[in-house]
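In: Based on what follows, work out the 3D shape:
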Amino acid sequence: MEWIIAVVVAFEEVIDDVEEAVQNALDNLPTKAQLMKLTKAKIDELAAEVGIKLDRRQTKEKMVAELQKQAKQAKK
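Out: Below you'll find the predicted structure:
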């Protein structure tokens with residue numbers, strides 16, 4: 001029974017670490033001007049790192065706007 005508790009505690013620590021890493025990534029996203037200098041693929045990659053799914057079929061401007069919108073919502 002103790003091993004189950006140890007596993008649960010370990011999972012909770014991993015979840016906390018992941019949540020902290022995502023929050024740090026959200027806090028350190030590039031500015032709009034910096035994002036506009038990137039390729040659509042790189043923008044999509046940055047978004048995926050913080051759990052945001054973008055549609056690469058959209059224009060770069062729309063992708064950046066969507067990334068910023070979803071990042072702002074995720075910070076709340």
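
In: so how far is the longest helix that the chain contains from its chain's centroid?
Out: Longest helix in the chain, counting residues (DSSP state H): helix 2-27. Between the centre of helix 2-27 and the centre of its chain there are 16 Å (Cα atoms, centre = their mean, to the nearest Å).

In: I'd like the mean pLDDT over it, please.
Out: What helix 2-27 shows for mean pLDDT is 81.

In: so what does that helix touch, helix or strand wise?
Out: Other elements packing on helix 2-27 under the criterion 3 or more Cβ pairs under 8 Å, 6 or more residues apart in numbering; DSSP states H and E are helix 60-75. Using the backbone N, CA and C atoms, a C-beta is placed for each residue, glycine as well.

In: Can you show me the CA trace of the helix it packs on as CSV?
Out: Provided in CSV are the C-alpha atoms of helix 60-75 (Å, rounded to 0.1, in the frame of the first residue of the first chain):
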residue,chain,number,x,y,z
LYS,A,60,1.0,34.0,-39.9
GLU,A,61,-0.8,37.1,-38.5
LYS,A,62,-3.8,35.0,-37.5
MET,A,63,-1.6,32.3,-36.0
VAL,A,64,0.2,34.9,-33.9
ALA,A,65,-3.1,36.5,-32.8
GLU,A,66,-4.5,33.1,-31.8
LEU,A,67,-1.4,32.2,-29.9
GLN,A,68,-1.4,35.4,-28.0
LYS,A,69,-5.2,35.1,-27.3
GLN,A,70,-4.9,31.5,-26.0
ALA,A,71,-1.7,32.3,-24.0
LYS,A,72,-3.5,35.1,-22.3
GLN,A,73,-6.5,32.9,-21.5
ALA,A,74,-4.2,30.2,-20.2
LYS,A,75,-2.4,32.6,-17.8
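
In: in that helix, what's buried?
Out: Across helix 60-75, burial judged by 16 or more other Cβ atoms under 10 Å covers 63-64, 66-67, 70-71.

In: With pLDDT and distance to L46 as extra columns, can I get the residues you listed in JSON lines?
Out: What follows is these, written out as JSON lines (pLDDT from 0 to 100; distance: Cβ to Cβ, whole Å):
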{"residue": "M63", "pLDDT": "98", "distance to L46": "10"}
{"residue": "V64", "pLDDT": "97", "distance to L46": "10"}
{"residue": "E66", "pLDDT": "96", "distance to L46": "12"}
{"residue": "L67", "pLDDT": "95", "distance to L46": "7"}
{"residue": "Q70", "pLDDT": "92", "distance to L46": "12"}
{"residue": "A71", "pLDDT": "88", "distance to L46": "10"}
